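Colleague: Just need the structure, nothing else, for what follows:
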Amino acid sequence: MNKRFARQIRGLQNLDKQKGLTLIEVLIAVIIMAMIGTISYQSLDSTIRSKVIIEEHIADLARIDRAWLLIEADIRNMLNHSVSQTSGRGGQLPALVLANTEEEYFMTILRGGHANPLNFIRSELIRVGYRVQEEILWRDVWYNIGSSDVDEARQQKIIEGVDKIEVRILSPKANSFSAGPWLETWPPAGGNSVNMPIAVEIKLLLKDDESEITRLFALVNGQ
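Modeller: Numbering: from 1, shown residues only. Below is the predicted model:
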């Protein structure tokens, strides 16, 4: 009876040994779990980073789109009318002035249709000017349409990271977009033109991704 009982005890001990895990097996399991955790973290981190980058690009595109909408609204509402200049050297201030890059403003526009949702007692005419300063594209607004002084303007930052901007206009004497002539300054030499340009082309070069965006704005019959 004692021998039989001893065999049963040894059998139970062997069964317990078969059910347990060795130290090496435990270490292997821990290593595998650590590798799975590391891979999962890297995948999650990469997904988060990609999401942040995509959101930043979407925000940048939205800002650029808003800037183009502002520029288009200014050009579409341009008026063929010169006014007496109240600042600077005096004289007449044309509806459209397109200058070279050495000037403070590369483009100024006299436009109508300025929104007045609160029905203030004021004109719907404003003058807007575009300039690049320290890689920022600014849109300045004058409610005194005879002024082009930066100190008198309401300044609005519209795009950051601008490397270069080029503007040219299609002469009212042009026969087609391809034939031109395209002009880099306006008004033409000799004073104001009776007719406005047929179109305005703007090229915007962004600094970070070195991408170039070109927009062409046609004016109806050069008026």
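Colleague: Next up, the contacts around S148.
Modeller: Contacts for S148 were tallied using Cβ atoms under 8 Å, 6 or more residues apart in numbering; they are Q85, S87, G88, L93, V97, Y105, T108, R127, G129, W142. In short, each C-beta sits where N, CA and C put it, glycine included.
Colleague: Output the longest helix belonging to this structure.
Modeller: Counting residues, the longest helix in the chain under DSSP state H turns out to be helix 23-76.
Colleague: Figure out how far that one is from the centre of its chain.
Modeller: Averaging C-alpha positions (Cα atoms, centre = their mean, to the nearest Å) puts helix 23-76 20 Å from its chain's average.
Colleague: and the next element down the chain from it?
Modeller: As assigned by DSSP states H and E, the chain's next helix or strand after helix 23-76 is strand 83-84.
Colleague: and the very next helix or strand once past that next one, average pLDDT?
Modeller: Using DSSP H and E, the helix or strand that directly follows strand 83-84 along the chain is strand 92-93. Throughout strand 92-93, pLDDT has a mean value of 80.
Colleague: Between its first and last residues, what's the separation in stretch 74-93?
Modeller: End-to-end span of stretch 74-93 (Cα to Cα, to the nearest Å): 17 Å.
Colleague: Show me which of the contacts of S148 are buried.
Modeller: Listed as buried from the contacts of S148 are Q85, L93, V97, Y105, T108, R127, G129, W142; burial here means 16 or more other Cβ atoms under 10 Å.
Colleague: tell me the pLDDT at the first one?
Modeller: Spelled out, that is Q85. Per-residue pLDDT puts Q85 at 74.
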